[in-house]
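Enquirer: Kindly return the folded structure for what I paste below:
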Amino acid sequence: MRFVLTALAFCVLPLAGAAQTDARIHYLQRAVPPPPTLSDLDTPPGDLGVAGARLAIDDNATTGRFLGQSYALDATRVAADADLAAAARAALAGTDLLILDAPADDVLAVADLPEARGALIFNVAAPDTNLRDADCRANLLHTLPSTQMRTDALAQFFVLKKWTDLPMIAGGHASDQAFAASMERSLAKYGLKPGPRKEWRFDANMRRNASAEVPLFTQGFGRYDALIVADEIHDFGRYILYNTWEPRPVTGSEGLTPVGWDRVVEQWGAAQLQNRFTDLAARAMQPRDYAAWAAIRTLGEAVTRTGATDAATLRAYILSPDFELGGFLGRPLTFRAWNGQMRQPIPLVHPRALVAQAPLDGFLHPVTELDTIGLDAPESRCEAFAP
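Expert: A predicted model of the protein is given here:
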């Protein structure tokens, strides 16, 4: 499926003397069927991600029309069994600015295309920490927080609360296992000892059996401070809450959850962004929508400041100390020059409210506290960004 969205200036003349600047951006998405889960309550919206891109194009146009700038968004959705590389080559033939909504393997495959060597690609869907580490690419930036950024944020909360006894239940999906491994690394990073870990392997209908199965499954943990659930596909975690043997907080993929964005974020002007997104998409903004919005707003800010639209100039500015983006998260958003990850606070939420936002008070850093979550420069094995 292919469609074109264009935001141009209508009825408003650009400032006198301003040169016309046209930026074309391509949103390339791999259609990934959701894995089977125990509940069908969380069907992903059909416009996930691209709706955030559409809003950002509108936002860029609001400023751009006064500066002689126009923004066009092409969007291509590639079936799960189709050739993403071919679609990427076609997209790159029209622009060197690409928003990529795809799993990690696809992200690397596209970034490594000869046609992409001089492009600027934003990863808005793959949280894999390795893409910001040893598998980084010089032409690849990330506006979706990494899994480690999210687990570091949760570990900071545990330290603040003095919760030290932290067992975990991990699902069998690859993303569940990645979250569990990252959580254990984050606990160690902040001086906490990972607790006992159980693997969830039930295939029963938990909607009927949760009250009987979960207490027995969690009884062996004994007494503890909080339970961590690694269920990134949202399969079984919802049945853990209020069914554990010990009445304790549930955290991780359910309960208290670290996210890139959530509808309960309302401070710092976020309610205005939430309302505009709801008007456009008739639903709440999700983390992938926010990542796509931030990617295109990053490009808009860079075009405004540099007056250029080529990937090399924009990349250099985005990674420079001069760049910052207002992202409705209470702090300016910038990019790590050593691996291309966008620095961003991580909200810790439950379904009805924002509980806290990392980095939390007391976690200090010589440059910016935002670098206490995720891979800091000394931790990173990324070599592609070396000067």
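
Enquirer: so what's Thr95 closest to, chain neighbours aside?
Expert: Arg24 (4.4 Å; Cβ to Cβ, 6 or more residues apart in numbering). Backbone N, C-alpha and C define where each C-beta goes, glycine included.

Enquirer: got the CA positions of the helix or strand where that neighbour lies in PDB?
Expert: Taking DSSP states H and E as the criterion, Arg24 maps to strand 21-30. Extracted in PDB, the C-alpha atoms of strand 21-30 (Å, rounded to 0.1, in the frame of the first residue of the first chain):
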ATOM      1  CA  THR A  21      13.100  24.900   0.600                       C
ATOM      2  CA  ASP A  22      11.400  21.600  -0.200                       C
ATOM      3  CA  ALA A  23      12.000  18.600   2.100                       C
ATOM      4  CA  ARG A  24      10.700  15.200   1.000                       C
ATOM      5  CA  ILE A  25      10.600  12.400   3.600                       C
ATOM      6  CA  HIS A  26       9.700   8.700   3.100                       C
ATOM      7  CA  TYR A  27       8.100   6.600   5.800                       C
ATOM      8  CA  LEU A  28       8.900   2.900   5.100                       C
ATOM      9  CA  GLN A  29       7.100   0.300   7.200                       C
ATOM     10  CA  ARG A  30       7.300  -3.400   7.400                       C
END
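
Enquirer: Three-state assignment for the nearest residue to Gly222 once chain neighbours are set aside, please.
Expert: Using Cβ to Cβ, 6+ apart and skipping the chain neighbours, the partner closest in space to Gly222 is Glu246 (7.6 Å). Following DSSP: H, G, I helix; E, B strand; the rest coil, we place Glu246 in the coil state.

Enquirer: Glu246: neighbour count?
Expert: The number of residues packed near Glu246 is 14, by other Cβ atoms under 10 Å.

Enquirer: Looks like it contacts Gly220 (just checking).
Expert: No: using Cβ atoms under 8 Å, Glu246 makes no contact with Gly220, being 10.8 Å away.

Enquirer: Tell me what the residue nearest to Thr95 is bridged to.
Expert: Ala72 (DSSP bridges).

Enquirer: list the buried ones in stretch 178-197?
Expert: Under the neighbour-count criterion of 16 or more other Cβ atoms under 10 Å, stretch 178-197 has 178-187, 189, 192, 194-195, 197 buried.

Enquirer: which residues does the most centrally placed residue in the chain contact?
Expert: With distances taken as Cα atoms, centre = their mean, the residue of the chain nearest its centroid is Leu144 (2.4 Å). Residues near Leu144 by Cβ atoms under 8 Å, 6 or more residues apart in numbering: 123-127, 260, 287-288, 291.

Enquirer: how about a markdown table for those, with pLDDT, distance to Cys136 and neighbour count added?
Expert: What follows is those, written out as a markdown table (pLDDT from 0 to 100; distance: Cβ to Cβ, whole Å; neighbours: other Cβ atoms under 10 Å):
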| residue | pLDDT | distance to Cys136 | neighbour count |
| --- | --- | --- | --- |
| Asn123 | 98 | 10 | 31 |
| Val124 | 98 | 16 | 31 |
| Ala125 | 98 | 16 | 24 |
| Ala126 | 98 | 12 | 22 |
| Pro127 | 98 | 14 | 25 |
| Gly260 | 98 | 19 | 25 |
| Pro287 | 98 | 21 | 21 |
| Arg288 | 98 | 21 | 24 |
| Ala291 | 98 | 17 | 27 |
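
Enquirer: quick check, nearest of those to Gln20?
Expert: Val124 (28.1 Å; Cβ to Cβ).

Enquirer: is it true that that closest one touches Leu48?
Expert: No: between Val124 and Leu48 there is no contact under Cβ under 8 Å: 10.3 Å.

Enquirer: list residues touching both of these two?
Expert: Common neighbours of Val124 and Leu48 (Cβ under 8 Å, 6+ apart) are Arg288.

Enquirer: circling back: from Trp338, how far off is the residue nearest to the centre of the chain?
Expert: Going from Leu144 to Trp338 by Cβ to Cβ, to the nearest Å gives 18 Å.

Enquirer: Please write out the alpha-carbon positions of the biggest helix by length in the chain in CSV.
Expert: Among the elements of the chain assigned as helix by DSSP state H, the one spanning the most residues is helix 287-306. C-alpha atoms of helix 287-306 as CSV (Å, rounded to 0.1, in the frame of the first residue of the first chain):
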residue,chain,number,x,y,z
PRO,A,287,5.3,5.2,21.7
ARG,A,288,5.8,4.4,18.0
ASP,A,289,3.7,7.3,17.0
TYR,A,290,5.8,9.6,19.3
ALA,A,291,9.0,8.2,17.8
ALA,A,292,7.8,8.9,14.3
TRP,A,293,6.7,12.4,15.3
ALA,A,294,10.0,13.1,17.0
ALA,A,295,12.0,11.9,13.9
ILE,A,296,10.2,14.2,11.5
ARG,A,297,10.1,17.1,13.9
THR,A,298,13.9,16.6,14.3
LEU,A,299,14.2,16.9,10.6
GLY,A,300,12.0,20.0,10.6
GLU,A,301,14.1,21.7,13.3
ALA,A,302,17.3,20.9,11.4
VAL,A,303,15.9,22.2,8.1
THR,A,304,14.8,25.4,9.8
ARG,A,305,18.2,26.0,11.5
THR,A,306,20.4,25.0,8.5
